[in-house]
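Q: 3D, please:
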Amino acid sequence: MIDRFIIRPRAETDIQDAFDWYESEQPGLGEEFLTSLLDRLETIRSFPESCPIVYRDIRRGVVSRFPYLVFYIVGPSQVSVLAVLHQSRNPADWPRR
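A: Numbers count the residues shown, from 1 in each chain. Next up is the predicted model:
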């Protein structure tokens, strides 16, 4: 059972950057992005092993309606969200950020 769901500071920055960009493109679109992201995060929290492992123990969830991916790790009692990245970004680059 997952006791803790942690969004790391870098992932929080990723989320804020995406929200700001969508809001600058169209007011209200940032809120739609957050709603879709929160839906994905809730699914990850409820079913943490439902998304595929893409590298070592890092899993990747896809945000619906928006081209973003959630990278996270499942521990014995917690889930840690490491990054929320646009699909066009090279995932090999983000661990070095």
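
Q: who's in contact with the spatially most central residue of the chain?
A: Nearest to the mean C-alpha position of the chain, counting by C-alpha atoms, centre = their mean, stands residue 70 at 2.6 Å. Taking C-beta atoms under 8 Å, 6 or more residues apart in numbering, we find residue 70 in contact with 37, 40, 41, 44, 51, 60, 61, 62, 63, 81, 83, 84. Where C-beta positions appear, they are placed from N, C-alpha and C, glycine not excepted.

Q: if you skip the residues just before and after it, what's nearest to it?
A: Spatial nearest neighbour of residue 70, excluding adjacent residues (C-beta to C-beta, 6 or more residues apart in numbering): residue 61 at 4.2 Å.

Q: Tell me the first helix or strand C-terminal of the worst-scoring helix or strand of the chain on mean pLDDT.
A: Lowest on mean pLDDT, DSSP states H and E among the helices and strands of the chain sits strand 53-55, with a mean of 93. Moving toward the C-terminus from strand 53-55, the next helix or strand (DSSP states H and E) is strand 58-62.
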